[in-house]
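J.: Coordinates for the following, if possible.
(2 chains)
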Amino acid sequence: GDSVTQMEGPVTLSEEAFLTINCTYTATGYPSLFWYVQYPGEGLQLLLKATKADDKGSNKGFEATYRKETTSFHLEKGSVQVSDSAVYFCALIGFMEYGNKLVFGAGTILRVKS
Amino acid sequence: KAGVTQTPRYLIKTRGQQVTLSCSPISGHRSVSWYQQTPGQGLQFLFEYFSETQRNKGNFPGRFSGRQFSNSRSEMNVSTLELGDSALYLCASSLEGTQGSNEQFFGPGTRLTVL
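T.: Down below sits the predicted model:
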């Protein structure tokens, strides 16, 4: 079945450092890909998405590019802030799925120090 | 526009009991999905309802069930609770549409503790 693999955390960075969180997926066809963020005590928020190969999703300084050849959707940000500390989830909806069934990775904890 | 609301926010039950959780989607949203979040298994899809019909189902035992009402509000029920059912249960709503085309908006979750 479809699956998502994320790099293990926690990832600890200093403010203004460059962030990369790796995400690879296994799925048939062309799934839609997402990054969600979860702040402490809250539900998930969509950070960005891409629905076809070579699409780049971006939001709040975060970017991720849908790479079909490497089945990857790595999350990047050029300069992190303390307020970016949260758990980040990579997710997909399968190509043949009718509906909104998200398959999530395990999540990566990001801690940013001032 | 009000976001997705879930009630109650916290719940403590004992083994063998049953529980009902409620989710009110964003106004106009017709799809409601439920997810279970645990430290060990992460986020797992339970089921999705669209226009009062179950559209997708995850790999959970029959003790987990749900329904959706004509106003799109949804409930999920867990019968004969087990210790392993302790989790954060998240509800998400979205507009109708084909796969991947609609953002899912998540509620804050219901924290269920089974003693």
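J.: and the closest residue to chain B within chain A, how many residues sit next to it?
T.: Closest approach between chain A and chain B, counting by CB to the nearest CB: residue A:32, at 2.8 Å. Using the backbone N, CA and C atoms, a C-beta is placed for each residue, glycine as well. When neighbours are defined as other CB atoms under 10 Å in any protein chain shown, residue A:32 has 24 of them.
J.: Give me the phi and psi angles of it.
T.: Phi and psi for residue A:32, reported as degrees, to the nearest 10, are phi -90, psi 140.
J.: which residues does residue B:75 bridge with?
T.: residue B:22, residue B:67 (DSSP bridges).
J.: ok, it - contacts?
T.: Counting by CB atoms under 8 Å, 6 or more residues apart in numbering or on different chains, residue B:75 makes contact with B:20, B:21, B:22, B:23, B:66, B:67, B:69.
J.: Mind doing that once more with 7 Å?
T.: Listed by CB atoms under 7 Å, 6 or more residues apart in numbering or on different chains, the contact partners of residue B:75 are B:20, B:21, B:22, B:66, B:67.
J.: which of those residues tops the neighbour count?
T.: Neighbour max across those (other CB under 10 Å) = residue B:66, 22 neighbours.
J.: separation between that one and chain A?
T.: Note on residue B:66: its distance to chain A, by CB to the nearest CB, to the nearest Å, is 14 Å.
J.: Once you drop chain neighbours, what's closest to residue B:5?
T.: Take residue B:5 and drop its neighbours on the chain: the residue closest to it by CB to CB, 6 or more residues apart in numbering or on different chains is residue B:24, 4.6 Å away.
J.: got it, and residue B:64?
T.: Computed as CB to CB, 6+ apart, the closest residue to residue B:64 that is not its neighbour in sequence is residue B:78, at 5.6 Å.
J.: now, which of the contacts of residue B:75 sits nearest residue B:85?
T.: residue B:21 (11.3 Å; CB to CB).
J.: What parts of chain B come near chain A?
T.: Residues of chain B lying close to chain A by CB under 7 Å from any CB of the partner chain are B:31, B:33, B:42-43, B:45, B:48, B:50, B:55-56, B:90, B:94, B:99-100, B:102-104, B:106-109.
J.: Pull out the buried members of these.
T.: Buried subset of the residues of chain B next to chain A (neighbour count, 16 or more other CB atoms under 10 Å in any protein chain shown): B:31, B:33, B:42-43, B:45, B:48, B:50, B:55-56, B:90, B:94, B:99-100, B:102, B:104, B:106-109.
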